[in-house]
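# Here is my input, please return the structure:
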Amino acid sequence: MMNLQEQHWEKLFGHLTTEANPWHGIWTVYSPDREIIKSSQGIRILQANEDKTVITHT
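Model (predicted):
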């Protein structure tokens, strides 16, 4: 049986592979008054090592 930390890791990153999989998205920063301060497009890449013990975030 997995402990809580292992379960959390699996839910967040269990789908990651050793191949780079880019995620395209828009990141938006809001003021406390819910007004847009800045918005930008970007690509985020999450890639696991062979043992799936380390994740590289680019």
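# Which parts of this structure are helices?
For the chain, the helices defined by DSSP state H cover 4-13.
# What are the contacting residues of the helix or strand bottoming out on mean pLDDT in it?
Within the chain, no helix or strand scores below helix 4-13, which has a mean of 84 by mean pLDDT, DSSP states H and E. For helix 4-13, the external contacting residues (Cβ atoms under 8 Å, 6 or more residues apart in numbering) are 2, 46, 48, 52, 55. In short, each C-beta sits where N, CA and C put it, glycine included.
# try stretch 17-29
So stretch 17-29 is contacted by 36-50, 58 (Cβ under 8 Å, 6+ apart).
# Burial check on residue 55, number of neighbours?
For residue 55, the tally of surrounding residues (other Cβ atoms under 10 Å) stands at 13.
# Run through the residues that contact it.
Going by Cβ under 8 Å, 6+ apart, the list of residues near residue 55 reads 13, 16, 46, 47, 48, 49.
# got the contact list for the third one?
Right, the one you point to is residue 46. Going by Cβ under 8 Å, 6+ apart, the list of residues near residue 46 reads 13, 16, 21, 23, 55, 56, 57.
# give me that answer again for 7 Å
16, 21, 55, 57 (Cβ atoms under 7 Å, 6 or more residues apart in numbering).
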